[in-house]
Structure formats: structure tokens, C-alpha cells
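**Q** Okay, sequence plus prediction incoming.
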Amino acid sequence: MNFTYSKKDKLKSKKCIEQLFTEGKAVTAYPLKLIYLKINFEDGSILKTGVSVSKRLHKTAVSRNQIKRLLREAYRLNKPLYFNNSSTSYAFMILYLSKDGTTFDKLNTNIKSLFEKFIDKTSQT
């Protein structure tokens, strides 16, 4: 299993992010929301992921950055468990919706339930 979150796995293209927010579908497991879009990447990667925390809900950069670090770590640890044998490529954006702070344990369980909802939704279609 590959527990990495390398540079090629990060969603950075503004064009791709705009397309994700306009055409993408969403799954929510409060306080997380996953916006996803089936897309083919030129570099051949399967998943590209970005994380976001609202500036309106978390005023200080310190709290936003801490939540983003925790989100990326929870994603990195759970990605191989859910997407190791995936052949379709997706662009993901994980949004944190709550006004309250969080811990890693809470985020880890939330991201697991979010991925399970995503897999259930995509396997139906």
C-alpha cells in the first residue's frame, strides 16, 4: 500500500478546480463535503485532491492551516484503503464545513464515512 500524498496527487490546476465546482457532484458526511468529478489527467495519476477550509468560518490562518493539515493526513492514511484498486481517475475537493475546531480522530472517522458514501454513490451509477 502506498500511503503517500506526493506533488502529482495534489489538485492545483485552476482550470480543473473551476470545472470541479461547476460540473462536479457532492457527497456530505458532516462536517466534511467531498466534491468529485470523473476526469482524465495528462500525467496519468488516478486521484488528485485538494482541501479547503472557509475563511468566513475560521478567521485565523493558524486554525485554517491546522485543519487543512489534519485533513490531508487523514486523507493520506485512508486513500490506499479505499482507492488502491481504482482504475477510474477522479478530482476531489474536500471541504470542511463546521465552525468548530476538530481533532485528528474525529476527522479520521469522518473521512472514512465520507469515502464509504462516495463509493456507495459511485457504484450505483
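**A** Sure, I can see it.

**Q** those helices in the chain, which residues are they?
**A** Assigned by DSSP state H, the chain shows helices spanning 14-23, 61-83, 104-124.

**Q** In contact with the residue lying closest to Lys68 once chain neighbours are set aside, which residues?
**A** Excluding the flanking residues, the one nearest Lys68 by Cβ to Cβ, 6 or more residues apart in numbering is Val51, at 5.0 Å. Yep, even glycine has a C-beta here, placed from its N, CA and C like the rest. Contacts for Val51 (Cβ atoms under 8 Å, 6 or more residues apart in numbering) come out as 68, 71-72, 75, 93-96.

**Q** ok, His58 touching Gln66?
**A** No. Taking contacts as Cβ atoms under 8 Å, His58 lies outside contact range of Gln66: 9.0 Å.

**Q** which of the two has more neighbours?
**A** A side-by-side neighbour count of His58 and Gln66, using other Cβ atoms under 10 Å, places His58 first with 20 against 15.

**Q** any idea how far Asn84 is from that one?
**A** To Asn84, His58 is 32 Å away according to Cβ to Cβ, to the nearest Å.

**Q** Kindly reformat the helices of the chain as JSON lines and extend each row with mean pLDDT.
**A** Output for those, formatted as JSON lines (pLDDT from 0 to 100):
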{"stretch": "helix 14-23", "mean pLDDT": "94"}
{"stretch": "helix 61-83", "mean pLDDT": "93"}
{"stretch": "helix 104-124", "mean pLDDT": "93"}
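
**Q** In CSV, list these along with distance to Ile39.
**A** Output for the helices of the chain, formatted as CSV (distance: least, Cβ to Cβ, whole Å):
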stretch, distance to Ile39
helix 14-23, 7
helix 61-83, 15
helix 104-124, 13
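
**Q** Figure out which of these is closest to Leu32.
**A** Evaluated over those, closeness to Leu32 peaks at helix 104-124, with 5.0 Å, by Cβ to Cβ.
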